[in-house]
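Visitor: make a model of this:
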Amino acid sequence: MVNLDLCYTPAVTLARRIATREISPVEVVANSLERIEEINPKLNCFCFTYPEEALEKARAAEHAVMKGASLGPLHGVPIAIKDFTPTAGKTTTMGSRVYRDHVPKKDARVVSDLLGAGAIMVGKTTTPEFAHDGFTHSPLWGVTRNPWNPDRTPGGSSGGSGAAVASGCVPLAEGSDMGGSVRIPAAFCGIVGLKPSLGRIPMTILASVFDNISHFGPLARTLDDAALFLDVCQGPDEYDIMSNPTPLDIPHPLPGDVEGMRIAMDIDLGFYHVDDEVAANVERCAEVLASAGAVVEEVDLGWQRECADAWLDYWNVYLAAFFEQHLDTRRDDLDPNIVTMFESARKMDAIAFKRLEFVRTRQWERLCEIFADYDALICPTTPAEAPHASGSDADQLGETPDGKMLSNDMTLVFNNVSQCPALSVPSGMTANGLATALQIVGRRFEDLTVLRIGAAIEKLRPWAHLRPPL
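Guide: This is a model prediction of the structure:
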């Protein structure tokens, strides 16, 4: 039988217990594989698993422990990799029929770093086609579901990774975030998700190294696990010209002291419609931070819908630049939403595209003013609880009678200012038993600040003991 306590043991703790011979990596990996076998028919969070290979690596990891070899910080810990991220010799479909048989020749840098730290990849997790959506379903792999309620979405595009971590299949999973694709699943699945500052984790998988919205990041159940992922995977890497040349000295465990910190709070960022339960849970987190000695003050960021619209236009062109070549030859194999996005991108002229940066500049200038007085900004990660699993981002877009934007997320606007780290941590539950989340945004490259604030909330409002009813 599956050992649920082991399923929900943090990666940091597993690595320590393995290193001290309290538990065998074979037992840990076998338990992970059993949990996947139990959960995946319900949630569809894995598209590939590697049981024989993973157990073989676990036996090798056990042998290394017994002979006293030098061990990496994730030695013997099972992890999952998103099916958007290249893995050497293993099919990487990106959720697309077009890439059904695509087998990369080399690992992404983030994968080689995790495996080099001793982690054992047990499988690859589902993603919408080309990671294009805040919901996880694709023509190739079908619908992925939320552990808290399988009728709802786990978010996207790293929804498979989010569901895998939240359901106890693995303690740690990799995701990519171009508009919230790590933070949205973290929010809907009740776990931790980090979009590090631009270039903190090298991005080496795109045809352009000059893109400025793309990040790798961890999905985890604890802040210390997320911090360990960041520590293992941070650069620099000369092949990523955007990679940050100065690595962080990340403390383990993370400090959770926020005494004297100044934190700004804006519930709607100026233009989003936010559900009452989501807002109330953010305010409770603010109260907790204030009780710990932080100064938390409401501000009016005053952003407008043009900030989100600029990202949406940029995203259409981004996807088209990398994948539009398939539109004329494989249209019937593509997700219909992808077709619409590619067609929209073809209509945008170069001057209009460049002027999107004007909107981003105005957005940054206002955020700069906030950061002149505050160490961080807090707001919701998503403005509502998880929608139904079969929906899409396009279905969610709209406007309330008072002019507020209806949306699936409040994350994409912070990819417009990607140098700023953004962390999602659980903030509470709704009356429907679904998770809500707080988003913590830091000054440029100050990843440690958002982790510190997240650790304070985790200490005062712990969530790691919560388990979905599966």
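
Visitor: in the helix or strand bottoming out on mean pLDDT in the chain, what's buried?
Guide: Ranked by mean pLDDT, DSSP states H and E, the helix or strand of the chain with the weakest confidence is helix 393-396, at a mean of 90. Neighbour counts over helix 393-396 (16 or more other CB atoms under 10 Å) mark 393, 396 as buried. For every residue, glycine as well, the C-beta is placed using N, CA and C.

Visitor: what about H63, neighbour count?
Guide: Neighbour count of H63, defined by other CB atoms under 10 Å: 12.

Visitor: I'd like the next helix or strand past the one helix or strand it maps to.
Guide: H63 is located in helix 51-66, with elements delineated by DSSP states H and E. Next helix or strand after helix 51-66 toward the C-terminus (DSSP H and E): strand 78-82.

Visitor: relative to helix 51-66, how tilted is the helix or strand following that next one?
Guide: Following strand 78-82 in sequence order, the next helix or strand is helix 109-116 (DSSP H and E). Orientation check (axes from the mean of the first three to the mean of the last three CA atoms, to 10 degrees): helix 109-116 against helix 51-66 gives 50 degrees.

Visitor: which residue of the protein sits farthest from its center?
Guide: K67 (36.5 Å; CA atoms, centre = their mean).

Visitor: residue contacts, that one?
Guide: With contact set as CB atoms under 8 Å, 6 or more residues apart in numbering, K67 has no partners.

Visitor: going along the chain, name the strands of the stretch 251-400 of the chain.
Guide: For the stretch 251-400 of the chain, the strands defined by DSSP state E, counting those that start in this stretch cover 262-265, 295-298, 376-380, 398-399.

Visitor: let me know the average pLDDT across the shortest one.
Guide: Per-residue pLDDT over strand 398-399 has a mean of 94.

Visitor: residues making contact with it?
Guide: Identification of contacts with strand 398-399 by CB under 8 Å, 6+ apart yields 405-406.

Visitor: sorry, back to before: just the CA atoms of the least confident helix or strand of the chain, as PDB, please.
Guide: Extracted in PDB, the C-alpha atoms of helix 393-396 (Å, rounded to 0.1, in the frame of the first residue of the first chain):
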ATOM      1  CA  ASP A 393      -8.300  31.300 -20.700                       C
ATOM      2  CA  ALA A 394     -10.300  32.800 -23.600                       C
ATOM      3  CA  ASP A 395     -13.500  31.600 -21.900                       C
ATOM      4  CA  GLN A 396     -12.600  33.500 -18.700                       C
END
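
Visitor: list the buried ones in the helix ranked longest in the chain?
Guide: Counting by DSSP state H, the longest helix found in the chain is helix 350-371. Neighbour-count burial for helix 350-371 flags 356, 359-360, 363-364, 366-367, 370-371 (criterion: 16+ other CB under 10 Å).

Visitor: now the residue nearest to S96 when sequence neighbours are not counted: how far from L397?
Guide: Distances taken as CB to CB, 6 or more residues apart in numbering put E129 closest to S96, at 4.7 Å, once the chain neighbours are dropped. Shown here: E129 relative to L397, a distance of 19 Å by CB to CB, to the nearest Å.

Visitor: now do F271
Guide: 13 Å.

Visitor: what's the answer for F135, then?
Guide: Distance from F135 to L397, by CB to CB: 13 Å.

Visitor: same question for R221.
Guide: The spacing between R221 and L397, counted by CB to CB, is 31 Å.

Visitor: those two: who's more crowded?
Guide: Neighbours were counted for R221 and for L397 using other CB under 10 Å; R221 has more, 29 against 13.

Visitor: so that one versus A88, what's the distance?
Guide: 28 Å.

Visitor: and the pLDDT at the residue positioned nearest the centre of the chain?
Guide: The geometric centre of the chain, computed from its C-alpha atoms, lies nearest to V182 (CA atoms, centre = their mean), at 1.4 Å. We have a pLDDT of 98 for V182.

Visitor: and it, what is it in contact with?
Guide: By CB under 8 Å, 6+ apart, the residues touching V182 are 158, 175-176, 193-195, 215, 217-219, 424.

Visitor: ok, which pair from those residues is furthest apart?
Guide: Across these, no pair lies farther apart than S176 and S424, at 14.7 Å, counting by CB to CB.

Visitor: which one of those two is surrounded by more residues?
Guide: S424 (32 against 25).

Visitor: thought the more buried one was touching G193?
Guide: Yes: at 4.5 Å, S424 and G193 qualify as touching, with contact defined as CB atoms under 8 Å.

Visitor: which residues are in contact with each of those two?
Guide: 182-184, 186-187.

Visitor: now those in JSON lines, with secondary structure and distance to E34?
Guide: Listed next are the shared contacts of S424 and G193 as JSON lines, based on DSSP: H, G, I helix; E, B strand; the rest coil; distance: CB to CB, whole Å:
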{"residue": "V182", "secondary structure": "coil", "distance to E34": "27"}
{"residue": "R183", "secondary structure": "helix", "distance to E34": "29"}
{"residue": "I184", "secondary structure": "helix", "distance to E34": "28"}
{"residue": "A186", "secondary structure": "helix", "distance to E34": "25"}
{"residue": "A187", "secondary structure": "helix", "distance to E34": "28"}
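
Visitor: save those residues as TSV, and put in distance to A227 too.
Guide: TSV is the format used below for the shared contacts of S424 and G193 (distance: CB to CB, whole Å):
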residue	distance to A227
V182	15
R183	16
I184	21
A186	15
A187	19
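
Visitor: counting neighbours, which of those comes out on top?
Guide: For these, the largest number of neighbours (other CB under 10 Å) sits with A186, at 40 neighbours.

Visitor: which residue packs closest to it, ignoring adjacent ones?
Guide: In this structure, A186 finds its nearest non-sequential neighbour in G193, 2.7 Å apart by CB to CB, 6+ apart.

Visitor: roughly how far apart are the one you found and A187?
Guide: Per CB to CB, G193 is found 7 Å from A187.

Visitor: equivalent analysis for D333, please.
Guide: As judged by CB to CB, D333 and A187 stand 31 Å apart.
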